[in-house]
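Undergrad: Here is a sequence together with a model predicted from it:
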Amino acid sequence: MSERHHVFLVPGFFGFANLGDLSYWGHVVRLLQAVLGQAGVEAVLHPVVTEPTASLSTRAARLHDAIAAADDRGPIHLVGHSTGGLDARLCVTPGAELPGGRNPGIYAHRVRSVVGISVPHHGTPLAAMFNTLQGKQLLRLLSIATLLVVRRGALPVSLLARLAAAAQRLVRGEGSGAMVDELTDSLLASFTPERRAEVTRFFDDVGRDQRLLTQLTTDAMDAFNAATPDRPDVRYGNVVTRARAPELLDSVRAGLDPTAHAEAILWRVLHAAAGRTDPALLPPPSNGQADVFRRDLGAVPTAADSDGMVPTLSQVRGALIAAVRADHLDILGHFGDATLHPPHYDWIRTGTGFGWTAFENTWRRVARFMVPEVAPVT
């Protein structure tokens with residue numbers, strides 16, 4: 001009998017395993033289960049419940065606990081989106097000491113692969129932007145808006161326009177606290193009473209520990225990387241994402257659609273803020289990594305390129321499984337396609353063009369990196 005593989009899926013910043021009927025990893029779980037099953041691989045997928053903005057060591061401890069609670073036999077694969085990729089790295093770092101005396105070494109010999117998806121290995125400028133009182137308020141607002149959008153579709157245009165305006169004011173250093181609070185209340189009112197209570201509890205948890213914001217700066221990640229060497233017998237791979245950069249013609253393309261205009265403003269703000277890293281702080285890709293970029297994207301990205309949350313070059317580390325034209329949530333299946341079941345919704349329509357075929361091909365590559373029995377993508 002073949003071994004049963006355990007795949008632990010670690011959510012990113014503000015990540016959740018499930019919130020009501022909304023699943024962070026839902027689209028990925030369904031596809032990976034199908035792809036691995038078709039290859040004759042018995043696999044159990046474990047979406048990990050973590051603490052959204054707690055420190056990396058606290059989040060890695062939650063991953064450790066999830067592994068300890070699962071079956072204690074069979075190979076282990078860790079897949080982390082965004083900050084979840086850092087949790088996975090820390091959790092298998094040789095000699096790592098996690099809170100509460102947890103010792104990852106007791107299961108590390110079973111870990112076969114660690115896969116990062118859109119991971120800020122070298123930090124993100126948005127961490128500093130959101131690590132202020134008003135920044136934290138806006139981040140909460142953006143997160144609630146995302147929860148609403150990926151489940152139900154686009155926000156009402158009036159709310160979306162005011163959200164874009166609040167983001168612009170923050171970037172310019174102008175006060176927007178009252179506006180953000182009012183918008184947050186308006187968005188929460190869009191949920192059912194049960195969902196509203198659940199979302200409120202979720203963000204109450206967020207408010208208790210927000211050390212992660214400080215740890216995701218470029219300087220802090222430089223220290224993190226120095227302290228987290230790879231485990232020699234584990235394969236490390238990354239999927240890197242780059243979204244379409246905003247263009248001056250976006251307003252023209254939006255035509256008379258007020259929702260498209262508001263989304264274009266918000267996307268322009270986020271993309272610009274995420275691309276503010278000093279190029280000297282981003283290690284240049286190796287020859288092999290550059291070859292993957294040229295194969296998949298046609299060119300090596302610049303320091304200004306990002307997926308709207310993390311600079312593309314900040315995501316580069318170790319083996320590149322794929323370089324993908326996608327934004328930060330597209331890659332999880334949260335892209336716009338109402339014909340799929342369940343429907344897929346975009347958090348922001350960026351015009352990047354990521355769709356089902358790219359989603360399937362990307363995650364098939366991930367599955368093959370974890371388990372070679374999976375058929376290669378042609």
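TA: Ah, there it is. Residues are numbered from 1 along each chain as shown.

Undergrad: Would you mind listing the buried residues in the longest helix belonging to the chain?
TA: Ranked by residue count and defined by DSSP state H, the top helix of the chain is helix 133-152. Buried residues in helix 133-152, counting neighbours by 16 or more other C-beta atoms under 10 Å, are found at 134-151. Heads up, the C-betas are built off the backbone N, CA and C, glycines and all.

Undergrad: who does that helix touch, helix- and strand-wise?
TA: Where contact means 3 or more C-beta pairs under 8 Å, 6 or more residues apart in numbering; DSSP states H and E, helix 133-152 is packed against strand 22-23, helix 125-130, helix 157-171, helix 177-188, helix 193-208.

Undergrad: Look up how far Thr124 lies from the most centrally placed residue in the chain.
TA: Centroid-nearest residue in the chain: Ser82, 3.6 Å away (criterion: C-alpha atoms, centre = their mean). Per C-beta to C-beta, to the nearest Å, Ser82 is found 9 Å from Thr124.

Undergrad: Quickly list what's touching both of those two.
TA: Residues touching both Ser82 and Thr124 by C-beta atoms under 8 Å, 6 or more residues apart in numbering: 309-310.

Undergrad: picking that back up, I'd assumed Phe13 was in contact with the residue nearest to the centre of the chain.
TA: Yes: Ser82 is within contact range of Phe13, at 5.5 Å (criterion: C-beta atoms under 8 Å).

Undergrad: Could you pull out the buried residues of stretch 272-281?
TA: 273-277, 281.

Undergrad: Between those, which sits nearest Ala338?
TA: Ala274 (27.5 Å; C-beta to C-beta).

Undergrad: Please work out the average pLDDT along stretch 317-327.
TA: For stretch 317-327, mean pLDDT is 97.

Undergrad: Just the buried positions in it, please.
TA: Going by neighbour count (16+ other C-beta under 10 Å), the buried part of stretch 317-327 is 317-318, 320-327.

Undergrad: what's the answer for stretch 342-361, then?
TA: Quick answer for stretch 342-361 (16+ other C-beta under 10 Å): 344-352, 354, 358-359.

Undergrad: and His6, helix, strand or coil?
TA: strand (DSSP: H, G, I helix; E, B strand; the rest coil).

Undergrad: Now do the contacts for it.
TA: 43-44, 46, 67, 70-71, 74-77.

Undergrad: Repeat the analysis, applying 10 Å as the threshold.
TA: Going by C-beta atoms under 10 Å, 6 or more residues apart in numbering, His6 touches 43-46, 66-67, 70-78, 107, 110-112.

Undergrad: Tell me the spacing between it and Leu78.
TA: For His6 relative to Leu78 (C-beta to C-beta), the value is 9 Å.

Undergrad: Mind listing the shared neighbours of the two?
TA: In contact with both His6 and Leu78: 46, 67, 111-112, using C-beta under 10 Å, 6+ apart.

Undergrad: which residues do Ser82 and Phe13 both contact?
TA: 120, 124, 216, 309-310, 328.

Undergrad: mind putting these in JSON lines, distance to Thr302, neighbour count and secondary structure included?
TA: Formatted as JSON lines, those follow (distance: C-beta to C-beta, whole Å; neighbours: other C-beta atoms under 10 Å; DSSP: H, G, I helix; E, B strand; the rest coil):
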{"residue": "Pro120", "distance to Thr302": "17", "neighbour count": "27", "secondary structure": "coil"}
{"residue": "Thr124", "distance to Thr302": "16", "neighbour count": "29", "secondary structure": "coil"}
{"residue": "Leu216", "distance to Thr302": "21", "neighbour count": "26", "secondary structure": "coil"}
{"residue": "Met309", "distance to Thr302": "17", "neighbour count": "22", "secondary structure": "coil"}
{"residue": "Val310", "distance to Thr302": "14", "neighbour count": "29", "secondary structure": "coil"}
{"residue": "His328", "distance to Thr302": "18", "neighbour count": "27", "secondary structure": "coil"}
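
Undergrad: Let me know the closest of those to Glu263.
TA: Proximity of the shared contacts of Ser82 and Phe13 to Glu263 (C-beta to C-beta) peaks at His328, which lies at 14.8 Å.

Undergrad: check contacts around the closest one.
TA: 12-13, 81-82, 117-118, 124, 146, 241, 243, 270, 274, 306-310, 334, 347-348, 350.
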